[in-house]
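Peer 1: got a structure for you, letters missing:
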């Protein structure tokens, strides 16, 4: 039947798993209930949250975007102003996403069954910007971190 074929192919066979839909919906609802500055949407099997962060009264504003597929560790990107990768800043050189924790040193491995964006990734993002503002003043990343040197990344 032509009508059913159209609907089956409409999403290119990538229908969202009901469990993943539940995870993304739960995260969206919890984030919007706890963080008024973030607006979230679910599109193409991903949760996308956008908002403006201002670490202190004297700071500039940063537009951020959080991307989450409901399973893997979420990504946090600075949309505006763009922050270029620097070996001294706690970011991943591959995509300039924020590095908010180190699995081994922080003894933290993202587990979608146990962890939620609202009480891990978002508070850590807000803290990251405080350390970034300190970095702009002192020229040194004041929080302990593992380096993500671009040279190491390019050698792989």
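Peer 2: Good, I have the coordinates. Quick caveat: nothing in here was measured; it's all calculated off a predicted structure.

Peer 1: quick check: residue 121 vs residue 139, distance?
Peer 2: Distance of residue 121 to residue 139, given as C-beta to C-beta, to the nearest Å: 27 Å. Using the backbone N, CA and C atoms, a C-beta is placed for each residue, glycine as well.

Peer 1: neighbour-wise, which of the two wins?
Peer 2: More crowded of residue 121 and residue 139, by other C-beta atoms under 10 Å: residue 121, with 24 against 8.

Peer 1: where along the protein do the strands fall?
Peer 2: In the chain, the segments counted as strands under DSSP state E are 38-43, 46-53, 62-68, 75-80.

Peer 1: make JSON lines from the ones you listed and add mean neighbour count to it.
Peer 2: What follows is those, written out as JSON lines (neighbours: other C-beta atoms under 10 Å):
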{"stretch": "strand 38-43", "mean neighbour count": "15"}
{"stretch": "strand 46-53", "mean neighbour count": "18"}
{"stretch": "strand 62-68", "mean neighbour count": "19"}
{"stretch": "strand 75-80", "mean neighbour count": "16"}
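
Peer 1: residue 101 is nearest to which of the ones you listed?
Peer 2: Closest approach to residue 101 among the strands of the chain is made by strand 75-80 (11.3 Å; C-beta to C-beta).

Peer 1: quick one: average pLDDT of that closest one?
Peer 2: The pLDDT scores in strand 75-80 average 96.

Peer 1: partners of that strand in the sheet?
Peer 2: Using DSSP bridges, the strands paired with strand 75-80 are strand 62-68 (antiparallel).

Peer 1: any chance of the strands of the chain in a markdown table, with distance to residue 22 too?
Peer 2: Listed next are these as a markdown table, based on distance: least, C-beta to C-beta, whole Å:
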| stretch | distance to residue 22 |
| --- | --- |
| strand 38-43 | 11 |
| strand 46-53 | 12 |
| strand 62-68 | 13 |
| strand 75-80 | 21 |
